[in-house]
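Trainee: Structural data only, the sequence is not supplied:
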């Protein structure tokens, strides 16, 4: 199945010149959504992944069903102020300013195999912050997986873990 044909392109959103890749059109189609999760499941079904980490909020949509199928725990990475318990946090740079991601301090145990899953890899800022969070906790990152990668933004640059993406836009 060509999953790319299920992704809507929204020109000039959220600002002029941006070609936004809207995955809600893939997720609303039961066969396309199932296929996207099945591709990831097949890739990691023989791994020893204990935790699947997903970033707020669209990463939750992909990471949760994958964690379920893998028999792994799901760990939500949230923006500062959203988690109720003791946290590990990382502040990272955005195009205009900074943001902070957090995870519960007991979410990942030292030495656990961890898979990072998100909907889309763009510039890599969120991914770098997630890698730093997981390493602070002692997790062993197996790979980072994405439904979509915007290769022209070079989000892989400076990333020192294996990456996998299903649909690529060059």
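Mentor: Right, received. Where do you want to start? What you see is a predicted model; the values in this text were computed from it and never measured.

Trainee: And what about residue 157, helix, strand or coil?
Mentor: coil (DSSP: H, G, I helix; E, B strand; the rest coil).

Trainee: Based on its surroundings, how many neighbours for it?
Mentor: 8 (other C-beta atoms under 10 Å). Where you see a C-beta, it was placed from the backbone N, CA and C, and this is true even at glycine.

Trainee: Equivalent analysis for the one 4 residues further on, please.
Mentor: Using other C-beta under 10 Å, residue 161 has 13 other residues around it.

Trainee: Going forward, count from 20.
Mentor: That works, and once the first residue is 20, the last one we named lands at residue 180.

Trainee: Please report the distance of it from residue 189.
Mentor: For residue 180, the distance to residue 189 (C-beta to C-beta, to the nearest Å) stands at 22 Å.

Trainee: cool, and residue 86?
Mentor: Counting by C-beta to C-beta - residue 86 and residue 189 are separated by 30 Å.

Trainee: which of these two has more neighbours?
Mentor: For residue 86 versus residue 189, neighbours defined as other C-beta under 10 Å are more numerous around residue 86 (21 against 6).
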